[in-house]
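K.L.:
This is a predicted model, with the sequence first.
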Amino acid sequence: MIVETYATSHIGRVRKGNEDNYLLLDISSEKIWTNPQEPAESIIETQKFEVGDNSIVLAVSDGMGGALAGEVASKMAVETVSQQFLDDKSGKTTLPDNPDDSFVEKLHNATVYANHLIHRQGRSNPQYSGMGATFTAVGISGETVCFVQVGDSRAYLVRKDKIHQLTKDQSLVQQLIDAKQISPEEAETHTLKNVILQALGAQNEIYPVPARLMPQRDDILLLCSDGLSNKIGSADMQRIITKNVKQLHQACIEMVKLANERGGEDNITLILAKLTGSDLPEKTDETPTLEVLDFANIHDTADQNKK
């Protein structure tokens, strides 16, 4: 599988600093790319990965907490998760040492550890009290695409000129939608729209949602902070990506530009990843589903396969 990635982060039109961050991690080469925190125009970070026995992690993190706290939280999130995978490769990891752990379990455990460090930093340093960060990550290994979700940064899939939101916001308005107390349309302008139920560092314990997707040839994944998704609907995302499918760096530029034209009140961060390769199955018209995972069932299945 070949994965072409395009990542960018823009300060927006209102904020004085950029509290967002992104992560591109090539585990085999131990190379890491994160947001360079440029103060003005966004830079498109473009990378191409050959994924076979190797694995990569892509993530978007939206910091919160005021002053520099949000920037610190999102930076700690991407750096901690990266370091956990690199330490795991070298045998120095602080993660639970279980050789049967799947890739998504390692991503889940690294996310939980990042929460521990961010929460501890927030409690020990008054300057960072109350800081937190969303964390939406995708891990790609072999023919597997897995996700871990904390907060309301999102993951989308563009397949056969249709866009699908893969993740569900861990937010108060999403909870109200699920309870059928408000409609998705009402949620767009709800006064509590920005209240999220989970964030790295905000609580001592978090419960990341792990999931898995079966990829198909020419799938395009979009990870983004709410600085993008609050300003651009999925139809506009699909239109821009499809129009620029052969030059996805231009799709990044156009989406950031449109979010800024519509107000740009928040930082805007996104990653586009295109999956190609002859080993991937051809695209189908079936609606993709993100399979939410139960780690206990994963181990049961693995044990049965060994037998």
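P.N.:
That came through, no problem. Numbering: from 1, shown residues only.

K.L.:
Specify the beta-bridge partners of residue 144.
P.N.:
Residue 144 has these beta-bridge partners by DSSP bridges: residue 141.

K.L.:
What count of nearby residues applies to it?
P.N.:
Counted with other Cβ atoms under 10 Å, the neighbours of residue 144 add up to 17. Every C-beta, even on glycine, is put in place using the N, C-alpha and C of the backbone.

K.L.:
Please identify the helix or strand for the nearest residue to residue 11 once chain neighbours are set aside.
P.N.:
Using Cβ to Cβ, 6 or more residues apart in numbering and skipping residues adjacent in sequence, the residue nearest residue 11 is residue 18, 4.6 Å away. In the assignment (DSSP states H and E), residue 18 maps to no helix and no strand.

K.L.:
Apart from its chain neighbours, what residue comes closest to residue 103?
P.N.:
Distances taken as Cβ to Cβ, 6+ apart put residue 141 closest to residue 103, at 4.6 Å, once the chain neighbours are dropped.

K.L.:
ugh, wrong one, I meant residue 104
P.N.:
Among residues not flanking residue 104 along the chain, residue 146 sits closest, at 3.6 Å (Cβ to Cβ, 6+ apart).

K.L.:
what helix or strand is that neighbour on?
P.N.:
strand 144-150.

K.L.:
and that strand, what does it pack onto?
P.N.:
Under the contact criterion of 3 or more Cβ pairs under 8 Å, 6 or more residues apart in numbering; DSSP states H and E, strand 144-150 touches helix 103-124, strand 135-141, strand 209-213.

K.L.:
Next secondary structure element downstream of the last one?
P.N.:
Where DSSP H and E defines the elements, the next helix or strand beyond strand 209-213 is strand 220-224.

K.L.:
for the record, mean pLDDT for that next one?
P.N.:
For strand 220-224, mean pLDDT is 98.

K.L.:
okay, the angle between it and strand 209-213?
P.N.:
Using axes from the mean of the first three to the mean of the last three Cα atoms, to 10 degrees, the inter-axis angle of strand 220-224 relative to strand 209-213 is 160 degrees.

K.L.:
From the contact counts, what lies against strand 220-224?
P.N.:
Under the contact criterion of 3+ Cβ pairs under 8 Å, 6+ apart, strand 220-224 touches strand 55-64, strand 135-141, strand 154-159, helix 234-243, strand 268-276.

K.L.:
beta partners of the most centrally placed residue in the chain?
P.N.:
Geometric centre of the chain, nearest residue: residue 136, 2.7 Å, by Cα atoms, centre = their mean. Beta-bridge pairing of residue 136 under DSSP bridges involves residue 60, residue 149.

K.L.:
hang on, the earlier thing: I would like the residues contacting the strand holding residue 146, please.
P.N.:
Here strand 144-150 makes contact (Cβ atoms under 8 Å, 6 or more residues apart in numbering) with 102-104, 107-108, 111, 115, 134-140, 155, 166-168, 170, 198-200, 206, 208-215, 221, 275, 290, 293.

K.L.:
Generate a ChimeraX selection restricted to the buried subset of those residues.
P.N.:
The buried residues among the contacts of strand 144-150 can be selected in ChimeraX (16 or more other Cβ atoms under 10 Å) with this line:
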select :102,103,104,107,108,111,115,134,135,136,137,138,139,140,155,166,167,168,170,198,199,200,206,208,209,210,211,212,213,215,221,275,290,293
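
K.L.:
what's the spacing between residue 42 and residue 20?
P.N.:
11 Å (Cβ to Cβ, to the nearest Å).

K.L.:
between the two, who's got more neighbours?
P.N.:
Legend: neighbour count by other Cβ under 10 Å for residue 42 and residue 20, higher for residue 20 (33 against 22).

K.L.:
Surely the more buried one is in contact with residue 227, unless I've mixed up the numbering?
P.N.:
Yes - using Cβ atoms under 8 Å, residue 20 is in contact with residue 227, at 6.8 Å.

K.L.:
Overlap in contacts, these two.
P.N.:
Applying Cβ under 8 Å, 6+ apart, one finds that residue 20 and residue 227 are jointly contacted by 62, 267-269.

K.L.:
Name the member of these with the most neighbours.
P.N.:
Among the shared contacts of residue 20 and residue 227, the one with the most neighbours (other Cβ under 10 Å) is residue 268, at 32 neighbours.

K.L.:
could you dump the helices and strands packed on strand 220-224 to a markdown table with distance to residue 256 and mean pLDDT?
P.N.:
A markdown table is the format used below for the helices and strands packed on strand 220-224 (distance: least, Cβ to Cβ, whole Å; pLDDT from 0 to 100):
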| stretch | distance to residue 256 | mean pLDDT |
| --- | --- | --- |
| strand 55-64 | 13 | 96 |
| strand 135-141 | 18 | 96 |
| strand 154-159 | 16 | 96 |
| helix 234-243 | 10 | 97 |
| strand 268-276 | 5 | 97 |
